[in-house]
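Asks: I would like to see how this sequence folds:
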Amino acid sequence: NLLCLMKGMLMSKDNDETYPEEAYEKLFLYSFFWSLGALLESDDRAKLHQRMKKWSGGKNLPDCKEPLTTYDFFVQQDPEAENYLQWQQWKSEEWKFPGKSFNFSTCLVPTVETARSFFLFDIMKKKIN
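Replies: As a prediction, this is how the structure comes out:
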């Protein structure tokens, strides 16, 4: 849900660190979209994105062109990253063939969907631990 996701995202920062107000709003919007609309199909996600863009005047939402929506972005929380606390588009890692140790039954080819899922799993894991 929204509060668990938001709490997990806030737990990923150092205890004495505070974010600027704009960053908290971005994290809230990310949590809002993924709690309210996680089960929506692409067309409905686009409608929700457009509605939120209208209500907020586009403030603190990712600057994206159709067919992209907020669901195609996340807030970068790595302080070492160049675009720290900015919206960043999801990208999957390039898959590399493991060679002789390849086992087809355990193969997981990275996609944008798996990148999103692992990101959300990591956030929830931080909340539990």
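
Asks: Find the centremost residue of this protein, please.
Replies: residue 74 (3.3 Å; CA atoms, centre = their mean).

Asks: by contact count, what packs against the strand or helix carrying it?
Replies: Residue 74 is part of strand 73-75, with elements assigned from DSSP states H and E. Here strand 73-75 touches helix 21-36, strand 87-89, going by 3 or more CB pairs under 8 Å, 6 or more residues apart in numbering; DSSP states H and E. (Glycine included, C-beta is placed from N, CA and C.)

Asks: Tell me which of those sits most buried.
Replies: Mean neighbour count (mean count of other CB atoms under 10 Å) peaks for helix 21-36 among the helices and strands packed on strand 73-75, with a mean of 18.

Asks: Quick one: name whatever helix or strand follows that helix.
Replies: Taking DSSP H and E, what comes next after helix 21-36 is helix 42-56.

Asks: List the contacts of that next one.
Replies: 29, 32, 33, 36, 37, 40, 61, 66, 67, 69, 70, 71 (CB atoms under 8 Å, 6 or more residues apart in numbering).

Asks: Using PDB, write out the CA atom coordinates for that helix.
Replies: Only the C-alpha atoms of helix 42-56 are listed here, as PDB (Å, rounded to 0.1, in the frame of the first residue of the first chain):
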ATOM      1  CA  SER A  42      -1.500   0.600 -19.800                       C
ATOM      2  CA  ASP A  43      -4.500   2.600 -21.100                       C
ATOM      3  CA  ASP A  44      -5.800   3.300 -17.600                       C
ATOM      4  CA  ARG A  45      -2.300   4.100 -16.300                       C
ATOM      5  CA  ALA A  46      -2.100   6.800 -19.100                       C
ATOM      6  CA  LYS A  47      -5.500   8.200 -18.000                       C
ATOM      7  CA  LEU A  48      -4.300   8.400 -14.300                       C
ATOM      8  CA  HIS A  49      -1.100  10.000 -15.400                       C
ATOM      9  CA  GLN A  50      -2.900  12.600 -17.400                       C
ATOM     10  CA  ARG A  51      -5.400  13.300 -14.600                       C
ATOM     11  CA  MET A  52      -2.600  13.800 -12.000                       C
ATOM     12  CA  LYS A  53      -0.700  16.000 -14.500                       C
ATOM     13  CA  LYS A  54      -3.800  18.200 -14.800                       C
ATOM     14  CA  TRP A  55      -4.400  18.300 -11.100                       C
ATOM     15  CA  SER A  56      -0.800  19.100 -10.200                       C
END
